[in-house]
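requesting a structural model of the entry that follows:
(one chain, ligands or ions: 1)
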Amino acid sequence: MADDETIIRVRGLTNRFGDATIHDGLDLDVRRGEILGVVGGSGTGKSVLMRSIVGLQSPAEGEIEVFGEPTIGRDETEAVEIRKRWGVLFQGGALFSTLTVAENVQVPLREFYPELDLALLDEIASYKVVMTGLPSDAGPKYPAELSGGMKKRAGLARALALDPELLFLDEPTAGLDPIGAAAFDDLTKALQRTLGLTVFLITHDLDTLYAICDRVAVLADKKVIAVGTIDELLALDHPWIQEYFNGPRGRAAVASKEDASAAAQAHAHPTEVTEKATGERSQGGLADNNARRATTDAEGNR
Ligand SMILES: Nc1ncnc2c1ncn2[C@@H]1O[C@H](COP(=O)(O)OP(=O)(O)OP(=O)(O)O)[C@@H](O)[C@H]1O
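Residues are numbered from 1 along each chain as shown. I've put the predicted structure just below:
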């Protein structure tokens, strides 16, 4: 399959709740292997779009294809075959509170592969738990015993249970502290690279967009009004896009990314880069980066 293959194709999507039209003729393509960030003001329908693609929301009109297969109107057996190939991390992790982390990870395995024996289920769950950076003793813990960041990782472990090709993440860094959010971004990027995942990532987090997204889709006016790299989006004069990326938080995210990149270069070539890095900013490195992220969090816009 070619790298530029379209993994998700949405055409003419219309969603309504009563008199409210959320999407009106929305089109979107997600390419194989990319992390596509999905942004838009609150209530523009990012989660409804994700729910439509994964089959939890029946659109009023439109076509959706995933892996080249139409997903609307399929019989249950066909739908299951498509669903097996993706994983979903819902907002807040959506873990079953009465199940341990390991049991949560096993839910999709039991659903799609009921023939697996307990020893193999345990082994796969342990592997997924460690893969998401949780300590190996997290498996027997209940969600209530986990921090917010650990819950997100447990939700991710469950989303990865079936070795998906495609991952849906709905605001994965919401509610995490800046260091935890940056660590989750790193994990997402590492999974994309090592497993060749395609990632559909809903976020309000500008740092995440700059740090890991290959392209960004902007929802506004009931449609995807633009898709592209951040530089491509910045060239557009849509007021929401300009306000979002060029507002104070957008500028802080750019500065944060530049600092991180200068710090990384300084680490690789200490003498060569120190002068450049110190010339551009007064303090450097991760602490400064995280301080900026903390500031933007404190503004309450995340
Ligand atoms: N099941 C539902 N019934 C009625 N209205 C709904 C339903 N689900 C979503 N909506 C409405 O659809 C709109 C879009 O919701 P959605 O959750 O997709 O927004 P969003 O862009 O993800 O917002 P946020 O960034 O705040 O999470 C909202 O006005 C919401 O109230």
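
can you pull out the helices in the stretch 151-300 of the chain?
Counting by DSSP state H, counting those that start in this stretch, the segments of the stretch 151-300 of the chain that form helices are 178-195, 206-212, 230-234, 239-246, 248-268, 270-280, 285-298.

residue 197: what's it in contact with?
By C-beta atoms under 8 Å, 6 or more residues apart in numbering, the contact list for residue 197 reads 33, 164, 165, 166, 167, 191. (Glycine included, C-beta is placed from N, CA and C.)

do you know the pLDDT at the residue nearest to the spatial centre of the chain?
The chain has residue 201 as the residue nearest its centroid, 2.9 Å off, counting by C-alpha atoms, centre = their mean. Residue 201 carries a pLDDT value of 97.

need the nearest residue in space to it, chain neighbours excluded.
Spatially, and ignoring its direct neighbours in sequence, residue 201 is nearest to residue 169 (4.7 Å; C-beta to C-beta, 6 or more residues apart in numbering).

how many other residues sit next to the one you found?
Residue 169 has 27 neighbours, counted by other C-beta atoms under 10 Å.

partners of it in the sheet?
Beta bridges link residue 169 to residue 89, residue 201, judged by DSSP bridges.

just to revisit the earlier point, these two touch, right, the residue nearest to the centre of the chain and residue 214?
No - under the criterion of C-beta atoms under 8 Å, residue 201 makes no contact with residue 214, lying 10.1 Å away.

residues shared between the contacts of the two?
35, 36.

OK, contacts around residue 62?
By C-beta under 8 Å, 6+ apart, the residues touching residue 62 are 10, 11, 12, 13, 14, 23, 25, 26, 72.

let's see which of these end up in strands.
Among the contacts of residue 62, DSSP state E puts 10, 11, 12, 13, 14, 23, 25, 26 in strands.

and the residues you listed, which of them are buried?
Buried by 16 or more other C-beta atoms under 10 Å: 10, 13, 14, 23, 26, out of these.

which members of those are the farthest-apart pair?
Spanning the widest gap among these are 10 and 14, at 10.8 Å by C-beta to C-beta.

what sits in contact with each of these two?
Common contact partners of residue 10 and residue 14 (C-beta under 8 Å, 6+ apart): 26, 62.

for the buried ones among the ones in strands among the contacts of residue 62, which one is nearest the ligand?
Of all those, residue 23 has the smallest distance to the ligand: 8.9 Å, by C-beta to the nearest ligand atom.

chain neighbours aside, what residue packs nearest to the closest one?
Residue nearest to residue 23 in three dimensions, not counting chain neighbours: residue 15, with 4.5 Å by C-beta to C-beta, 6+ apart.

and if you look at residue 139?
Nearest residue to residue 139 in three dimensions, chain neighbours excluded: residue 102, at 3.7 Å (C-beta to C-beta, 6+ apart).

check contacts around that neighbour.
By C-beta under 8 Å, 6+ apart, residue 102 lies in contact with 122, 125, 126, 129, 139, 140.

in what helix or strand does the first one lie?
Residue 122 is located in helix 118-131, with elements delineated by DSSP states H and E.

which residues does that helix contact?
Contacts to helix 118-131, defined as C-beta under 8 Å, 6+ apart, come from residues 101-103, 105-106, 109-110, 116, 136, 138-139, 154, 157-158, 160-161.

go with 6 Å
When contacts are defined by C-beta atoms under 6 Å, 6 or more residues apart in numbering, helix 118-131 is touched by residues 102, 105, 106, 109, 136, 138, 139, 157, 160, 161.

residues of the stretch 1-150 of the chain that sit close to the ligand?
When proximity is defined by C-beta under 6 Å from any ligand atom, the stretch 1-150 of the chain lies next to the ligand at 17, 22, 40, 42, 43, 44, 45, 46, 47, 48.
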